[in-house]
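Asker: Task: produce atomic coordinates for the following.
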Amino acid sequence: MSTLEELDDLDRRDHDDKKDGKDDKNKDGQAPADGDAEMKDTEQEEDDVLDEEILSLSTQEILTRKRLLENDSRIMRSEFQRLSHEKATMGEKIKDNNEKIANNRYVSLTTTTHSAGACAG
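Answerer: Now for the predicted structure:
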């Protein structure tokens, strides 16, 4: 396991396997469980699969996964900070532009009023 894509593929396969198993139960004529019970079952299955998967990995593979997750976390924090800064910058630009629009409307109204007064006089 050296890339995030491989980890994503594993997660997708696990998810698809679980989904296929759940669909078979419904096809056998069992009544579907209510949402809460189904969610608890799914959470329990995910915990079991995760534990089995982690237990089957070597120490090096676990450390590699840990490093990948830490890198992803760092990248996401950095991206969040960048987007927050960009949002703040855009907010300031919008505020400035709204002020300019208000000033231009005022100037336009006063110019039109003065022009109309000059023509009438």
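
Asker: Could you list the low-pLDDT ranges of the chain?
Answerer: Along the chain, the parts satisfying pLDDT under 70 run over 1-4, 7, 19-49, 113-121.

Asker: same thing but 90
Answerer: 1-57, 105-121 (pLDDT under 90).

Asker: Look through it and tell me its longest helix.
Answerer: helix 59-120 (DSSP state H).

Asker: residues near His15, how many?
Answerer: Residues near His15, counting by other Cβ atoms under 10 Å, number 12. The C-beta positions use only the backbone N, C-alpha and C, and glycine is treated the same way.

Asker: Could you look up the SS state of it?
Answerer: Taken by DSSP: H, G, I helix; E, B strand; the rest coil, the conformation at His15 corresponds to helix.

Asker: Spit out the contact partners of it.
Answerer: Shown in contact with His15 (Cβ atoms under 8 Å, 6 or more residues apart in numbering): no residues.

Asker: Can you get me a residue count around Glu5?
Answerer: 8.

Asker: can you check Arg82 too?
Answerer: By other Cβ under 10 Å, the residues close to Arg82 number 10.

Asker: again with Met76
Answerer: Met76: 10 neighbours (other Cβ under 10 Å).

Asker: Repeat that for Ile62.
Answerer: By the measure other Cβ under 10 Å, the count of residues near Ile62 is 13.

Asker: Go ahead and confirm it touches Glu53.
Answerer: No - using Cβ atoms under 8 Å, Ile62 makes no contact with Glu53, being 10.2 Å away.

Asker: and Ser58, what are its phi and psi?
Answerer: The phi/psi pair for Ser58 (degrees, to the nearest 10) reads phi -80, psi 170.

Asker: Quickly note the distance from it to Tyr106.
Answerer: Relative to Tyr106, Ser58 is positioned 71 Å away (Cβ to Cβ, to the nearest Å).
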